[in-house]
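[1] what would the 3D arrangement of this be:
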Amino acid sequence: MNKEENTSQREFQIYELLRQAALDDSILVREGDWERIENEAKILWPDLGRKIYERGIHLSDIEMRICWMAKMRIPPQGMANILKRSNPAISLARARLYEKLKGEKGSGKMFDVFIRNL
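    Sure, this is the predicted structure:
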């Protein structure tokens with residue numbers, strides 16, 4: 001298996017777990033699942049965490065998970081289902097993360113674009 005195929009397979013595996021949880025709020029993403037997701041995400045997008053931490057910014061586990069999910073293009077409603085939070089709470093968290101990471105006010109959509117481009 002070449003590197004591109006391996007990367008695609010890794011992306012699919014972590015995305016599939018989150019996609020299922022995003023669509024079915026009875027599915028619980030457990031701490032062990034998050035560890036696996038985060039380990040795979042760090043391999044797939046090694047610059048994401050580094051670029052955040054280089055800014056001298058500390059993110060909570062939940063904030064970093066929102067970043068990983070935005071990178072994976074999980075929609076806000078799906079993030080809410082996965083994290084067992086309300087839609088407004090996720091929207092507010094994304095806007096606050098944008099401000100925390102960029103140092104300027106912004107929206108959840110601006111956060112999504114920013115994270116995808118890191």
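
[2] helix or strand right after the lowest-mean-pLDDT helix or strand in the chain?
    Every helix and strand of the chain was ranked by mean pLDDT, DSSP states H and E. The lowest is helix 3-23, at a mean of 73. Proceeding N to C from helix 3-23, the next assigned helix or strand is helix 31-44, under DSSP states H and E.

[3] can I get that next one in PDB, CA atoms only?
    Taking Å, rounded to 0.1, in the frame of the first residue of the first chain, the C-alpha atoms of helix 31-44 are listed here in PDB:
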ATOM      1  CA  GLU A  31     -12.300   8.500  25.500                       C
ATOM      2  CA  GLY A  32     -10.500   5.600  23.900                       C
ATOM      3  CA  ASP A  33     -12.100   6.500  20.500                       C
ATOM      4  CA  TRP A  34     -10.900  10.100  20.900                       C
ATOM      5  CA  GLU A  35      -7.400   8.900  21.700                       C
ATOM      6  CA  ARG A  36      -7.400   6.900  18.400                       C
ATOM      7  CA  ILE A  37      -9.000   9.700  16.400                       C
ATOM      8  CA  GLU A  38      -6.500  12.300  17.800                       C
ATOM      9  CA  ASN A  39      -3.500  10.000  17.100                       C
ATOM     10  CA  GLU A  40      -4.600   9.400  13.600                       C
ATOM     11  CA  ALA A  41      -5.400  13.100  13.000                       C
ATOM     12  CA  LYS A  42      -1.900  14.000  14.200                       C
ATOM     13  CA  ILE A  43      -0.500  11.700  11.600                       C
ATOM     14  CA  LEU A  44      -2.800  13.000   8.900                       C
END
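
[4] tilt between the helix or strand following it and helix 31-44?
    Toward the C-terminus, helix 31-44 is succeeded by helix 46-54 as the next helix or strand (DSSP H and E). Compare the direction of helix 46-54 with that of helix 31-44 by axes from the mean of the first three to the mean of the last three C-alpha atoms, to 10 degrees and you get 100 degrees.
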